[in-house]
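Chemist: for reference, the sequence and a predicted model appear below.
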Amino acid sequence: MKERAIPWVFLLILVSLIAFPFIVALLTGSSPLGVARGDRMIMRGESVRWQAVLIEIFLLGILAMSYNLIFGFTGVISFGHALFFGMGGYTIGLLLEFTDLDTTSALIFGLIGGLALAALLGLIIGLVSLRLQGVYFAIFTLAVAEMFFIFFGRLQLTRAEDGFAITDLPVWLDPTQSRLTFYYIVLAVFVLTFVFIRRLVNSPTGAVFKAIRENEDRASAIGYNPLTYKLIAITIGGVFAALAGILQVILNKKVGPELLSVTYTVDPLLMTIIGGIGTFTGPVIGASGLHLLDTALREQIVTIGSTTIRVADSWSLLLGLIFIAVVLIFPQGIVGTWMRWRARRVRLSSPPKGAENPVQADH
Amino acid sequence: MLRQRTSWITIIILIAALLIFAAATSRNLGTFGITVLSGLFQAMLLFLVASGLSIIFGLMDVLNFAQGGFFMIGAYVAYDVHHPGGLIDMTGAIPNADLRFFLSILAAIVIGALLGAFLERGLLRPLYARPIFQLVLTFGVSLVLVEAVRFIWSTTPYSWTALFSVREGYFTLFEQQFSTYRLFVIGIGFFLIVAIALLLQRTRIGIIIRAGVEDSGMVEALGINVRAVFTLVFTFGCAVAAFGGAIAAPFLGASIGMSSSFLLSAIAVVVLGGLGSYVGTAAGSILVGLAIAVMANYSAEFLNLPVLASMTPMLLLVLVLLLRPSGLFGERR
Amino acid sequence: MNPTDPILTVQAIHTFIGQFHILEGVSFTVPRGSISVLLGRNGAGKTTTLKSIMGMTPPREGTILFDGQNLIGKRPYHIAQLGIGYVPEHRAIFKELTVRENLEIAERKRGDLARRGDLIFDLFPDLKRLYTLLGGNLSGGQQQMLAIARALVPDNRLLLIDEPSEGLAPVIIEQLMSAIERLSAQTTILLVEQNFRMASKLAQLYTIIDDGRSAISGSMSDLVRDEALIQRYLGVA
């Protein structure tokens, strides 16, 4: 597959994301930095509020893209993605709060350690279990993730179910002090993840991923060891999931077993499927769509007859139902369905000629 | 045949090893008795979830991740029907607690069957050509079941408070009190193991199911509407799981955690026994049930690590998958 | 046997498996009471043709008429119930079921087996002796006999038999051939067979399938004399 130039649409989106805090600030007359009170900043105003929403979208986008690399592009189904996300978060949290390291080294070692741990876990899990066929691998990953969830939920050292707060963040990184800086950091990580995964998938290695997804036996017949490539996919996917977990911990300044809960497996799965499995933009669109919907609906109260339902209470239920509906009705997701529709239009409007436009195209 | 015999020997050795370990780590005969009894109790509940899981997987190649959810739903429905308040309050209409208990089990079975039939006909049937999506879908359904319970009954676990005759009885052995209810559940479990075995061996539908586990396409080519059999088996499997939840509730209460813990233990059972093998599922249930009880006793008494007990199902599952993914009675794939 | 009274008419069927276009226009007729055979090289599409008739790999285009009824769009169990017995390749009997259960499962009405038992045990006397054994414990030839016997339990007006001689010893093949010959007195048979000697002895009519298309049909007595044709499509002489 040939390397294509970055379409101008992506550049346009990138520029608007960079300008976003200032645009919102201009439109609403608020400051992109928040409100100063003495020598501290208070995160008040529309601009910082929307920055937080976008930061979450970027985080979930990174998580969903990492899942898509494993599930969408390589065809390996894992139900244990939360493990990487949570372990990334726990690593940096533990180094920040439970060691004598100074903040800067704790952050550096936390980042490196979290990513390295995720890579190691990915390697170990992959090595011992990728021989297992589809269903068995899914079960295996679910069981391992659940084990860690239960373990950290009971571990007294990390305050068990309650988890612990991050108190030791430098001011320049602290999202409750310098949200704008954090916004740009997360945006940069998000863009790098997108570009990295796109390049990886369009590289010869990525071509093998997709070959494995389509037909594992054939891929190994042409001389590629599927095990090696699946291992690469799950390790890289795990590292990016851990990155998302680390950023999440800094954003919320909180570490707890919920980071390891099945939620962080289901969310990326859901976002990938809704956006479009095996597409580049799909997971991002899925993540933004769902998170915006979540933010918009969370405060809503629906009254049907005499019963009032707070959407926030039933949000997860709603998500699950959306999930089932999408799997049943349009399993190609938003991007996949759109591309299929466009491919059909192209085919109808131009006379058929040799190579057909493949559906799993470059988007 | 020979493989069957070695499988049996392996099972017996493993069970004996567990019992010896339990005896060695028990303070006295009384605690040993409790461990064995609660192991068998756990085993029977596991069997009720795992039997459906195994037959459904064997017949239609669907690993139903929602099977644990049906167990949980069964527990909640039974709790709700039996106790005052909740969605349905039967305490006024039927003051007799025993009768109400019978009714609450019936309600759980009916709800489980209805939901199961809906899941198979409405949601899984369109996806038989796409197995990965079936897997993803049942996973999604398992979460919807949990969220639905959270929505209807809140997140606080319920513990069973309303008493009825079988639940109240105790007997004494080795100077230790044992609940008759455990014996009751174990009895029902053994009865069902035999009953389902007879159903599979002796009836026409049983022959069709066993043939379908081997080759459902061929069964259909003989003129049998296999999809109708799928629906029937799926419905039955979900109803049995819900029944399991209902009879577990008087002892274990009703909680959201039941869904994943019983799912994972049941998968451990099914993988250990060999997916699709009924004998393997029955033997695997007893093995895993005992293992969980022994581990619970050991980790609480000696290691001071009660967390190990809750991790046992996953640990077992991971070990089985690594050491013997084809299971004891399964075919090597 | 009357060529103007076909029990089965297959017309221009196209079948896909996944994205692969396996059958690209197969047409032939099977006269009532005949033994017809589908010939062709490995992978030509003979087995897929039988599966298409059964609805197991439903064709996307074309028509299949069985006794005047269109089979397209019907599910396999429905097609079987119309009176078609299918004996798949590789003797797909149920290995975990006893011989008896293998036969019982094929009953469409209660008492089918009792009614047809004499015929079945007359054709395959061995099965009586093996009645309580598991299918998996039978020899290859016994399994093949069981597979055919299974298709005889209900009243089928057409039998589709896929490669009955595959992997069997010559003595067993002889036994099978005589059984199939005797069967044709009662029912119509459509055979797929690689063993040309067997096919030419049994069948009155043939259709050659080549590369997913029906190339040529005719009477077997003409084919055996046409060595050029045999050489061209079947590579045997």
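Modeler: Structure's in. What do you need?

Chemist: for burial, what's the neighbour tally of residue 86?
Modeler: Using chain A. 28 (other Cβ atoms under 10 Å in any protein chain shown). All C-beta atoms are positioned from the backbone trio N, CA, C, and that covers glycine.

Chemist: not quite, I wanted chain C
Modeler: 27.

Chemist: show me where chain C has strands.
Modeler: C:2-17, C:20-32, C:35-39, C:61-66, C:69-70, C:84-87, C:158-162, C:188-192, C:205-210, C:213-219 (DSSP state E).

Chemist: oh, that last question was meant for the stretch 101-250 of chain A, not what I typed.
Modeler: In the stretch 101-250 of chain A, the strands defined using DSSP state E, counting those that start in this stretch lie at A:164-165.

Chemist: grab the nearest non-local neighbour of the residue of the stretch 201-333 of chain B found nearest chain C.
Modeler: Of all residues in the stretch 201-333 of chain B, the one sitting closest to chain C is B:Gly223 (3.6 Å; Cβ to the nearest Cβ). Leaving aside its sequence neighbours, B:Gly223 sits nearest to C:Ala80 (Cβ to Cβ, 6 or more residues apart in numbering or on different chains; 3.6 Å).

Chemist: so which residues on the stretch 201-333 of chain B come close to chain C?
Modeler: Proximity of the stretch 201-333 of chain B to chain C (Cβ under 8 Å from any Cβ of the partner chain) is limited to residues B:204, B:207-208, B:210-211, B:213-215, B:217-227.

Chemist: how far away is the residue in the stretch 101-250 of chain A positioned nearest to chain C from B:Val226?
Modeler: Of all residues in the stretch 101-250 of chain A, the one sitting closest to chain C is A:Asn215 (9.9 Å; Cβ to the nearest Cβ). To B:Val226, A:Asn215 is 27 Å away according to Cβ to Cβ, to the nearest Å.

Chemist: so who does residue 54 touch?
Modeler: No chain in the question, so chain A it is. With Cβ atoms under 8 Å, 6 or more residues apart in numbering or on different chains as the criterion, the residues that contact A:Leu54 are A:Leu17, A:Phe20, A:Tyr183, A:Leu187.

Chemist: my question was about chain C
Modeler: C:Met54 neighbours (Cβ under 8 Å, 6+ apart): B:Ala221, C:Pro76, C:Ile79, C:Ala80, C:Ile84, C:Tyr86, C:Leu160.

Chemist: so which of A:Asn215 and B:Val226 has more stuff around it?
Modeler: Just comparing A:Asn215 and B:Val226: by other Cβ under 10 Å the higher neighbour count belongs to B:Val226, 22 against 13.

Chemist: which pLDDT does the model give the spatially closest residue to the more buried one that is not a sequence neighbour?
Modeler: Distance criterion Cβ to Cβ, 6+ apart; nearest residue to B:Val226, sequence neighbours excluded, is B:Glu220 at 4.3 Å. As predicted, B:Glu220 sits at a pLDDT of 93.

Chemist: in the stretch 51-200 of chain A, what residue comes closest to chain C?
Modeler: For the stretch 51-200 of chain A, Cβ to the nearest Cβ, closest residue to chain C: A:Gly75, 15.4 Å.

Chemist: low-confidence ranges in chain C?
Modeler: Along chain C, segments meeting pLDDT under 70 span C:1-4, C:236-237.

Chemist: quick check: residues of it near chain B?
Modeler: Counting by Cβ under 8 Å from any Cβ, chain C sits next to chain B at C:54, C:56, C:75-77, C:80-81, C:86, C:88, C:92, C:94-97, C:101, C:104-106, C:108, C:150, C:154.

Chemist: show me which of the residues you listed are buried.
Modeler: C:54, C:56, C:75-77, C:80-81, C:86, C:88, C:92, C:94-95, C:97, C:101, C:104-106, C:150, C:154 (16 or more other Cβ atoms under 10 Å in any protein chain shown).

Chemist: sort out which of the residues you listed are in helices and list them.
Modeler: Judged by DSSP state H, the subset of these located in helices is C:Met54, C:Pro76, C:Tyr77, C:Ala80, C:Gln81, C:Glu101, C:Glu104, C:Arg150.

Chemist: surely the third one touches B:Met218?
Modeler: Put plainly, it is C:Tyr77. No: applying Cβ atoms under 8 Å, one finds C:Tyr77 not in contact with B:Met218, separated by 11.2 Å.

Chemist: and the residue nearest to B:Gly223, how far from C:Gly135?
Modeler: For C:Ala80 relative to C:Gly135 (Cβ to Cβ), the value is 19 Å.

Chemist: go on, A:Thr104?
Modeler: Distance from A:Thr104 to C:Gly135, by Cβ to Cβ: 72 Å.

Chemist: which one of those two has more residues nearby?
Modeler: Under the criterion of other Cβ under 10 Å, the comparison of A:Thr104 against C:Gly135 puts C:Gly135 first, with 23 against 10.

Chemist: make sure the more buried one is actually in contact with C:Gln144.
Modeler: No: between C:Gly135 and C:Gln144 there is no contact under Cβ under 8 Å: 11.5 Å.
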